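Participant: how does the following fold in three dimensions:
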Amino acid sequence: MLCNWNLLSEELQLALSAAALRQAAEIAAAQAETLAGEMEAGTLADRGGADALRLLALLLRRTSPPPLPHGTA
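Facilitator: You can find the predicted model right below:
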């Protein structure tokens, strides 16, 4: 069911935006971890990127907004 974003409360808009940002950060972090693993396995050429990708994954996970408590929004 489609909904007009502007009809949602500001609190719900913020909650949905934060959830989308958390999900996007986790997807990017997971991809970075996958690439690092591929480099370590020799599937991709490793030019020192595995450690950098793991650092990126850590930063993405640490700087994402915290999950909202259940029942919020």
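Participant: tell me which element the most centrally placed residue in the chain is part of?
Facilitator: Relative to the mean C-alpha position of the chain, the nearest C-alpha, by Cα atoms, centre = their mean, is the one of A25, at 1.4 Å. Applying DSSP states H and E as the criterion places A25 in helix 10-41.
Participant: which of the residues in that helix are buried?
Facilitator: For helix 10-41, the buried set under the neighbour-count rule, 16 or more other Cβ atoms under 10 Å, comprises A18, R22, A25, A29, A32, E33, L35, A36, E38, M39. Bear in mind the C-beta positions are built from the backbone N, C-alpha and C, glycine included.
Participant: now do the residue nearest to the centre of the chain, the pLDDT please.
Facilitator: Per-residue confidence at A25 stands at 86 (pLDDT).
Participant: touching the very next helix or strand once past the helix holding A25 from outside, list them.
Facilitator: Toward the C-terminus, helix 10-41 is succeeded by helix 49-63 as the next helix or strand (DSSP H and E). Outside helix 49-63, the residues within contact range by Cβ atoms under 8 Å, 6 or more residues apart in numbering are A25, E26, A28, A29, A30, A32, E33, L35, A36, G37, M39, E40.
Participant: now do helix 49-63 and helix 10-41, the angle between them.
Facilitator: Taking axes from the mean of the first three to the mean of the last three Cα atoms, to 10 degrees, helix 49-63 and helix 10-41 form an angle of 160 degrees between their directions.
Participant: just the mean pLDDT for stretch 48-61, thanks.
Facilitator: Along stretch 48-61, the predicted confidence averages to a pLDDT of 80.
Participant: pull out the buried positions in it.
Facilitator: Using 16+ other Cβ under 10 Å as the test for burial, stretch 48-61 gives G49, A50, L53, R54, L56, A57, L60, R61.
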